[in-house]
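>>> got a sequence here, can you build the structure:
(chains A and B)
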Amino acid sequence: MRGVAAIAGIGESDTFDATGTDLSPLDLIAQATLHALDDAGLTAQDVDGLATASAYYGIPNLNVGEHLGIRPRWSDANNLGGASFMSHVLHAAAAINAGLAEVVLVVYGSTQRKDGGRLKSIAEAFPYEQDYGPRYPISQYALAAHRHMHEFGTTREQLAQVAVSARAWAREERNAKAFARDPLTVEDVLGARMISEPLTKLDACLVTDGGGALIVTSTERARTLKQPLVPVLGAGEAHWHRNISQMPDLTTTAAQDSGARAYAMAEVSARDVQAVELYDAFTINPILFLEDLGFCGKGEGGPFVADGRIAPGGALPVNTNGGGLSYCHPGMYGLFALNEGVRQVREGKDVVLCHGNGAVLSAQSTVILGSERAL
Amino acid sequence: MDAPSPLHYQRCGSCGAAVHPPRLICPVDGGRELAWEESGGRGTVYSHTTVHSREGSYGLCLVDLEEGYRVMAAGAPAIGTSVALRVEEGHLCAE
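Residues are numbered from 1 along each chain as shown, chains lettered A, B, ... in the order given. This next block holds a predicted model:
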């Protein structure tokens, strides 16, 4: 399936803060869709496949299809939390390969900031954990962070470097749209309000509103459209658990499997990847994913992210828009990591890896994008 | 299905895996003969976190029990600490 499909258009809502407006999640999805269609040079009438996930609508494909006037012949309501959208791209490529669809719209929208400023979640209570009061989901990630610190000597300063590097990217001129662009230091992160040890408020992603959209089509069709070709070289998905007490090893995620599947399909390795867009719900996430996706050895993620290696000017560009820590995080960030991956290819990178994470390090989905040269 | 007490778990009759929470099919080998056993509550702290909120702070942890499964419990002893879980008002406490 290598290169049979391509991402031909991307779009995002005009705002990541809908406070004081009457905009709904569907409105933000519509804004993003219009931008993605214009970006590709398509209209809603060209769309014959639809994929979405939502914390707002129980059967979101129906709401989106009705709202946008799309009558898909292929529809994917896969919900793997924040990893949903990487999986949507994988599934869309398979559907296109099978002839079930030709132009697939992948969308997401949330107004969680406007609606109270807390994560809008569909997570159900798990009776074997809920009575102990983990603050979902930060406490689950805190448990993973503590275990990583214990096993490998990872430090809170190294965790903070992830947030500081993300902020430095958000402050780049090209990322004027990023939600958080104030200067940020390691001391700021360490001194922020402690929420669930060892993670402070600034180890946690933003709570923003926002909509995102992208269009997957056949590579053949994409060649006839407006933008430079961004083929999907490979993709893979995996999940091993739902609840944190059921995760076999809190320092090893199913990204090992999703990444291996994506690399095998793409016929590339971590050495070939020129930019990485990782779902950074919390600062421990990029450390785990850089390890599990082969950019460094297990346990080496802390030193790897220190000293600006993943920041602007560093050896490996990671989360070049500022990520969920600084760009936007409307409940689920996965689609925005994909959009940034597309921008990186359009700006000259040949191989870009986008990785999504869902629930509590549970669902892992990886997409590897390439340039025309990499195809 | 509910366990008889917070320290009860299941043992798979075919592969011997400790299974928790309770279910009908062993997640390791698909075995269907799952029998109740009761843990002695002794284990080792695998990880922990202390949650800070307006109402105050409290700890929670994951404990690897000697019988071969992991539970969440109240309290935040250091990682690697040997603990004996107690049952208080239906909940597991590590300290």
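
>>> residue nearest the centroid of chain B?
Compute the mean C-alpha point of chain B, and by CA atoms, centre = their mean the closest residue is residue B:71, 2.5 Å away.

>>> go on, chain A?
Closest-to-mean residue, chain A, CA atoms, centre = their mean: residue A:334 / 2.3 Å.

>>> that one contacts residue A:84, correct?
Yes: counting by CB atoms under 8 Å, residue A:334 touches residue A:84, with 6.1 Å between them. In short, each C-beta sits where N, CA and C put it, glycine included.

>>> where does residue A:211 sit: helix, strand or coil?
Of the three states, residue A:211 takes strand according to DSSP: H, G, I helix; E, B strand; the rest coil.

>>> does chain B sit close to the one helix or strand residue A:232 maps to?
Residue A:232 is part of strand A:232-239, with elements assigned from DSSP states H and E. No: shown here: strand A:232-239 not in contact with chain B (CB under 8 Å from any CB of the partner chain), separated by at least 13.4 Å.

>>> next secondary structure after that strand?
helix A:255-266.

>>> chain B contacts on the stretch 101-250 of chain A?
A:127-129, A:131-135, A:139, A:142-144, A:146-147, A:150, A:193-198, A:244-246, A:250.

>>> change it to 7 Å
Residues of the stretch 101-250 of chain A lying near chain B by CB under 7 Å from any CB of the partner chain: A:128-129, A:131-135, A:139, A:142-143, A:146-147, A:150, A:194-197, A:245, A:250.

>>> can you give me the helices for the stretch 201-350 of chain A?
A:219-222, A:255-266, A:284-292, A:301-305, A:323-326, A:334-346 (DSSP state H, counting those that start in this stretch).

>>> need those in TSV (columns: distance to residue A:213 and mean pLDDT).
What follows is the helices of the stretch 201-350 of chain A, written out as TSV (distance: least, CB to CB, whole Å; pLDDT from 0 to 100):
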stretch	distance to residue A:213	mean pLDDT
helix A:219-222	16	98
helix A:255-266	22	98
helix A:284-292	24	98
helix A:301-305	31	98
helix A:323-326	18	98
helix A:334-346	8	98
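
>>> in a markdown table: these, plus distance to residue A:203.
Converted to a markdown table, the helices of the stretch 201-350 of chain A look like this (distance: least, CB to CB, whole Å):
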| stretch | distance to residue A:203 |
| --- | --- |
| helix A:219-222 | 38 |
| helix A:255-266 | 19 |
| helix A:284-292 | 8 |
| helix A:301-305 | 13 |
| helix A:323-326 | 8 |
| helix A:334-346 | 18 |
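
>>> out of those, which is the most enclosed?
Here the criterion is mean neighbour count by mean count of other CB atoms under 10 Å in any protein chain shown, and of the helices of the stretch 201-350 of chain A the winner is helix A:323-326, at a mean of 30.

>>> what's that one packed up against?
With contacts taken as 3 or more CB pairs under 7 Å, 6 or more residues apart in numbering or on different chains; DSSP states H and E, helix A:323-326 sits against helix A:156-170.

>>> can you pull the buried residues of the helix it packs on?
By neighbour count on 16 or more other CB atoms under 10 Å in any protein chain shown, the buried set for helix A:156-170 is A:156, A:158-170.

>>> now name the helix or strand holding residue 35.
In the absence of a named chain, this looks at chain A. With DSSP H and E as the test, residue A:35 turns up in helix A:25-40.

>>> right idea, wrong chain: chain B
Applying DSSP H and E, one finds residue B:35 within strand B:34-38.

>>> what are the contacting residues of the next helix or strand after that strand?
Later in the chain than strand B:34-38, the nearest helix or strand by DSSP H and E is strand B:42-53. When contacts are defined by CB atoms under 7 Å, 6 or more residues apart in numbering or on different chains, strand B:42-53 is touched by residues A:133, A:135, A:139, A:142-143, A:146-147, A:194-197, A:250, B:57-66, B:70, B:76-85, B:94.

>>> do that again at 8 Å, thanks
Contact with strand B:42-53 is made by A:133-135, A:139, A:142-144, A:146-147, A:150, A:193-198, A:250, B:57-66, B:70, B:75-85, B:94, as judged by CB atoms under 8 Å, 6 or more residues apart in numbering or on different chains.

>>> those in strands, which ones?
Among these, DSSP state E puts A:194-196, B:57-65, B:70, B:82-84 in strands.

>>> in stretch A:122-133, what's buried?
Using 16+ other CB under 10 Å as the test for burial, stretch A:122-133 gives A:126, A:128-129, A:131-133.

>>> mind giving me the domain ranges of the chain?
I'll assume chain A. Domain assignment for chain A by automatic domain parsing gives A:5-116+A:209-232, A:134-205+A:234-370.

>>> my question was about chain B
B:8-38, B:42-93.

>>> now these in JSON lines, with mean pLDDT?
Below are the domains of chain B laid out as JSON lines (pLDDT from 0 to 100):
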{"stretch": "domain B:8-38", "mean pLDDT": "98"}
{"stretch": "domain B:42-93", "mean pLDDT": "97"}
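
>>> looking at those domains, which is buried most?
domain B:42-93 (a mean of 18).

>>> off-centre distance for that domain?
Here the centre of domain B:42-93 is set off from its chain's centre by 9 Å, with CA atoms, centre = their mean, to the nearest Å.

>>> and stretch A:98-116, by the same measure?
Averaging C-alpha positions (CA atoms, centre = their mean) puts stretch A:98-116 13 Å from its chain's average.

>>> what comes up buried for it?
Within stretch A:98-116, the residues scored as buried using 16+ other CB under 10 Å are A:101-115.

>>> so which of the residues you listed is the closest to chain B?
Nearest to chain B among these is residue A:112, at 19.7 Å by CB to the nearest CB.

>>> could you list every helix and strand that the helix or strand of chain A with the lowest mean pLDDT packs against?
Of the helices and strands making up chain A, the lowest-confidence element is helix A:127-130, at a mean of 94, by mean pLDDT, DSSP states H and E. Applying 3 or more CB pairs under 8 Å, 6 or more residues apart in numbering or on different chains; DSSP states H and E, we find helix A:127-130 packed against strand B:70-74.

>>> pLDDT score assigned to residue A:191?
Model confidence at residue A:191, given as pLDDT, is 98.

>>> please consider this matter closed, and thank you.
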